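S.K.: Pasting the sequence and the predicted model now:
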Amino acid sequence: MHSSEFRKSIGDFSRAIEQGRAAVYRRNFDSRAYEYMGRYIKELTGYDQTELTPELWDSLIVHTERKGELADLGLEEANRRVRSGQVERWQADVQIRTRSGETRWVTDMSTVLRDAGGQCFGCLGVLQDITERKAAEQRLARLSEELRRRNEQMEAELAMAREVQMALLRGMPERFPQGAVPGAPWLSFLKRYMPAEMLAGDFMEILPTSGHEVGVFIGDVMGHGVRAALVTTFLRGLMEELVPVISDPGRLVSKMNQSFRSVFGKGDDLVFATAIYLVVDVQTGRTRFANAGHAKMLHLRPGAPDSPILKHPAGSSQPALGLIDDYSYRTSELSLGGGESILLYTDGLFEACDGGGEMYGRERMTDFLEQHLGPDTDPLLDALIGDVRRFTGTETFEDDVCLLNIHRCLA
């Protein structure tokens, strides 16, 4: 192609490209000159086609971000690889200072030109204004960094909140009374607590009410995660406020429901929690309890001649906390004999499903407990959790899991 034909061809191409705020150029490495430069270069730099030289262009560059195969290379090595033919394409985003002192971003994309012998003698490229795009990228980068920082802060706060939850669990007594007289009856508490997320909506409390009685509360707030954990904090606070009725399970749960409704019952979103509160007399084994829609607690009686496991429904079903205004919860009773236990748990355990969607279920749970129940209840909870994991085929649980075994020891 003759020089005049080439210039006409590239000129036509350049005019088409310039509609996209870009300038086409052809650079000769040997002559160190632009053989062609599109007219849009003046709008980009303030210098017209006759003024701009490779040296002047290089002097305008404030900062360079090389892309693609050249991304991690210095300028000298990048140039060497391009001119030696190791790299066919040059791509970089460059920040320039224009003739008027304005700062702009320009993307420089070119491909090498070779002579008949295959030697690289120059490049054909396009300079395009990307100032607006770069500004948007920088705003996005700042927002991303701010989001990353906030996420780190939130994760740190969640970790602290989780540690508080676990510390409350660790701070609960393992036996009652603490200084039991040798030969006198006492209660042991075996706990397992496995949040599905960083924070849990399952919780328990063990609160001595007198020298011979202890109150035990287990609750399960709908859902899990931060929202459920906030509701558990509210319920924990209610427990402290309701100390005057702490020995009366029915009254305590009724007042807790009333306060719960006053706070969460006015919004559009349904918020509720299931709970059991019981008071155990360590000397007699008399146990009074009220159940607010929670899974039935199990009375474990190793060696019992009839059934070693009894379910206690507390009469007819009673609603979960937060569903009905001014509901009066009833108190029921059972007798906890020596060597017997009460097992409290949340539904995250028996509602765990296998890969096909089949639920572990209460019946499978009670069958397992009957087969493995013995005088020593300490290994029972871990064995039960292990059986659920074998059934589901995974170590994790979709919902929070909380278990508490109360064992009455006579010696």
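M.R.: Structure's in. What do you need?
S.K.: Go through the lengthiest strand in the chain and flag the buried ones.
M.R.: For the chain, the strand with the greatest residue count under DSSP state E is strand 103-114. Buried residues in strand 103-114, counted by 16 or more other Cβ atoms under 10 Å: 104, 105, 106, 107, 108, 109, 110, 112, 113. Where you see a C-beta, it was placed from the backbone N, CA and C, and this is true even at glycine.
S.K.: Show me the strands paired with that strand, marking each as parallel or antiparallel.
M.R.: When pairs are called by DSSP bridges, strand 103-114 turns out to pair with strand 89-97 (antiparallel), strand 120-129 (antiparallel).
S.K.: After the worst-scoring helix or strand of the chain on mean pLDDT, which helix or strand is next?
M.R.: Lowest by mean pLDDT, DSSP states H and E among the helices and strands of the chain is helix 3-18, with a mean of 54. Under the assignment DSSP states H and E, the closest C-terminal helix or strand after helix 3-18 is strand 22-28.
S.K.: what about the following helix or strand past that next one, average pLDDT?
M.R.: Next along the chain after strand 22-28, taking DSSP H and E as the criterion, comes strand 33-37. Strand 33-37 comes out with an average pLDDT of 93.
S.K.: Just the C-alpha atoms of strand 33-37, please, in PDB.
M.R.: Output of strand 33-37 as PDB, limited to C-alpha atoms (Å, rounded to 0.1, in the frame of the first residue of the first chain):
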ATOM      1  CA  ALA A  33       8.400   9.700  15.700                       C
ATOM      2  CA  TYR A  34       4.600   9.400  15.100                       C
ATOM      3  CA  GLU A  35       4.000   8.600  11.500                       C
ATOM      4  CA  TYR A  36       0.400   9.400  12.100                       C
ATOM      5  CA  MET A  37      -1.600  11.000  15.000                       C
END
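S.K.: please renumber so the chain begins at 56
M.R.: Sure, I'll start counting at 56 from here, so that last one is strand 88-92.
S.K.: List the buried residues of that strand.
M.R.: Within strand 88-92, judged by 16+ other Cβ under 10 Å, the buried ones are 89, 90, 91, 92.
S.K.: for the closest residue to residue 145 other than its chain neighbours, what are its contacts?
M.R.: Residue nearest to residue 145 in three dimensions, not counting chain neighbours: residue 165, with 4.7 Å by Cβ to Cβ, 6 or more residues apart in numbering. Each residue near residue 165 by Cβ atoms under 8 Å, 6 or more residues apart in numbering is listed here: 80, 82, 144, 145, 146, 178, 179, 180, 181.
S.K.: so can I have CSV of those showing pLDDT, distance to residue 206 and neighbour count?
M.R.: Formatted as CSV, the entries for the contacts of residue 165 read as follows, by pLDDT from 0 to 100; distance: Cβ to Cβ, whole Å; neighbours: other Cβ atoms under 10 Å:
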residue, pLDDT, distance to residue 206, neighbour count
80, 93, 44, 24
82, 93, 46, 20
144, 88, 37, 15
145, 87, 37, 21
146, 91, 32, 18
178, 90, 43, 21
179, 93, 45, 17
180, 93, 41, 21
181, 94, 39, 21
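S.K.: Tabulate the residues you listed (TSV), appending distance to residue 201.
M.R.: Compiled in TSV, the contacts of residue 165 are given as follows (distance: Cβ to Cβ, whole Å):
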residue	distance to residue 201
80	39
82	41
144	35
145	34
146	29
178	40
179	41
180	36
181	34
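S.K.: For residue 268, state which of the residues you listed is nearest.
M.R.: Distances from these to residue 268 were compared by Cβ to Cβ; the smallest belongs to residue 146, at 77.9 Å.
S.K.: Got the confidence number for the nearest residue to residue 93 once chain neighbours are set aside?
M.R.: Taking Cβ to Cβ, 6+ apart, and ignoring the residues beside it in sequence, residue 93 has residue 78 as its nearest neighbour in space, at 3.7 Å. The score at residue 78 is 92. That number is its pLDDT.
S.K.: Isn't residue 78 up against residue 102?
M.R.: No. Judged on Cβ atoms under 8 Å, residue 78 makes no contact with residue 102 at a distance of 11.0 Å.
S.K.: Tell me the residues that contact both of these two, please.
M.R.: residue 96.
S.K.: More neighbours: those two, which one.
M.R.: Of the pair residue 78 and residue 102, residue 78 is the one with more neighbours under other Cβ atoms under 10 Å, namely 25 against 17.
S.K.: Please name the residues that touch that one.
M.R.: 69, 72, 92, 93, 94, 95, 96, 99, 181, 182, 183.
S.K.: switch the cut-off to 6 Å
M.R.: If you count contacts by Cβ atoms under 6 Å, 6 or more residues apart in numbering, residue 78 has them with 93, 95, 96, 182.
S.K.: count of neighbours near the last one?
M.R.: Other residues near residue 182 come to 26 when the count uses other Cβ under 10 Å.
S.K.: Not counting its neighbours along the chain, what's nearest it?
M.R.: Take residue 182 and drop its neighbours on the chain: the residue closest to it by Cβ to Cβ, 6+ apart is residue 78, 4.7 Å away.
S.K.: about what we covered before: need the strands paired with strand 158-169 in JSON lines (columns: distance to residue 379).
M.R.: Converted to JSON lines, the strands paired with strand 158-169 look like this (distance: least, Cβ to Cβ, whole Å):
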{"stretch": "strand 144-152", "distance to residue 379": "64"}
{"stretch": "strand 175-184", "distance to residue 379": "67"}
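S.K.: Go through the ones you listed and name the closest to residue 418.
M.R.: Between residue 418 and the strands paired with strand 158-169, the shortest separation by Cβ to Cβ is 65.6 Å, and it involves strand 144-152.
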